[in-house]
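Undergrad: all I have is the shape, not the residue letters:
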């Protein structure tokens, strides 16, 4: 039996309604060699008391108070107190399936370093789930089943924040929780991608992801759409931008305009195209909108596609594939 320990990093803020169920799901893991590093982020409910009660009963559970403010500071503190060979994160309002840690650890032992162990996720809620959450779950799980998560990294976050595990050495090579950039889970996924970690395919549900009105990602301004787009553009220019080609921006909706603004701020020249007769020929931010049909050779460009309509996306993809262009090199879907 392998005796290498798993460190579970868990920030906690005002989740007392769900915290007991969360910790029970950890204690009931078939894998027993773990430590839970929980950092109380200035909770105003009785989360700290719940954590302390569990810590008094199980010496694998360690509780700290956040010396800073916010989830990133809590993650940094928790990691600094960890000692495991394997690193994973848990959200204090979610639940693990009983074999989650065992399966992820076994996968890493089998595949070795430079890999990420994942798992399928299921959203659940006391209220009806919105269509957006259902679509995201289906899309994310479809990638995880094949281990092709990074193929679509510019669309949405492709690594569920509480459902990954890596070797400590790999985590540190990606600078772990050192970044102060929100959304912190998406930023970490980009750094996994940048460091060329490989996703291990998974076909088993390992995590139950709770949704409720007070959930942090629903209410914190750090998780607004504009933050996601800023992160996408930053990492695109850092990781995948090809300055030997012209940049082609597709779409002039809300996201397209935000991407255009960020490219202009970064002094990146681009050609802006769409198929909307009402916008073609007009100027936005001093950039003239051009009919996409005027582009004769897409091989000369690297495309950022901000068109949200699935049918239109497929049409664009077909057009580019027919010109022998490669997704993730020549064109990138940003939504």
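TA: Thanks, I have it. Keep in mind it's a predicted model, so treat the numbers as computed, not measured.
Undergrad: would you map out the domains in this structure?
TA: Segmentation of the chain into domains, based on automatic domain parsing, reads 6-221, 225-333.
Undergrad: any chance of the ones you listed in a markdown table, plus mean neighbour count and mean pLDDT?
TA: For glycine as for every other residue, the C-beta is placed from the backbone atoms N, C-alpha and C. Shown next, in a markdown table, are those (neighbours: other CB atoms under 10 Å; pLDDT from 0 to 100):
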| stretch | mean neighbour count | mean pLDDT |
| --- | --- | --- |
| domain 6-221 | 18 | 95 |
| domain 225-333 | 16 | 95 |
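Undergrad: neighbouring contacts of the longest helix anywhere in the chain?
TA: Secondary structure of the chain read by DSSP state H shows that its longest helix is helix 131-146. Here helix 131-146 makes contact (CB atoms under 8 Å, 6 or more residues apart in numbering) with 118-123, 149, 151-152, 155-156, 158, 160, 199, 201-203, 209, 211.
Undergrad: so for stretch 179-198, first residue to last residue, what's the gap.
TA: 21 Å (CA to CA, to the nearest Å).
Undergrad: sec struct for the residue of the chain positioned farthest from its centre, please.
TA: Within the chain, residue 281 marks the point farthest from the mean C-alpha position, 36.8 Å out by CA atoms, centre = their mean. Following DSSP: H, G, I helix; E, B strand; the rest coil, we place residue 281 in the coil state.
Undergrad: from residue 246, how far off is it?
TA: Computed as CB to CB, to the nearest Å, the residue 281 to residue 246 distance reads 20 Å.
Undergrad: same check, this time on residue 22
TA: 49 Å.
Undergrad: now residue 177
TA: The value you get for residue 177 to residue 246, if CB to CB is used, is 37 Å.
Undergrad: now residue 184
TA: Distance from residue 184 to residue 246, by CB to CB: 33 Å.
Undergrad: residues in contact with the residue nearest to residue 275 when sequence neighbours are not counted?
TA: Beyond its immediate neighbours in the sequence, the residue positioned closest to residue 275 (CB to CB, 6 or more residues apart in numbering) is residue 292, lying 5.7 Å away. For residue 292, the contacting residues are 250, 273, 274, 275, by CB under 8 Å, 6+ apart.
Undergrad: from those, pick the one nearest residue 66.
TA: For the contacts of residue 292, the minimum distance to residue 66 (CB to CB) is 42.2 Å, reached by residue 250.
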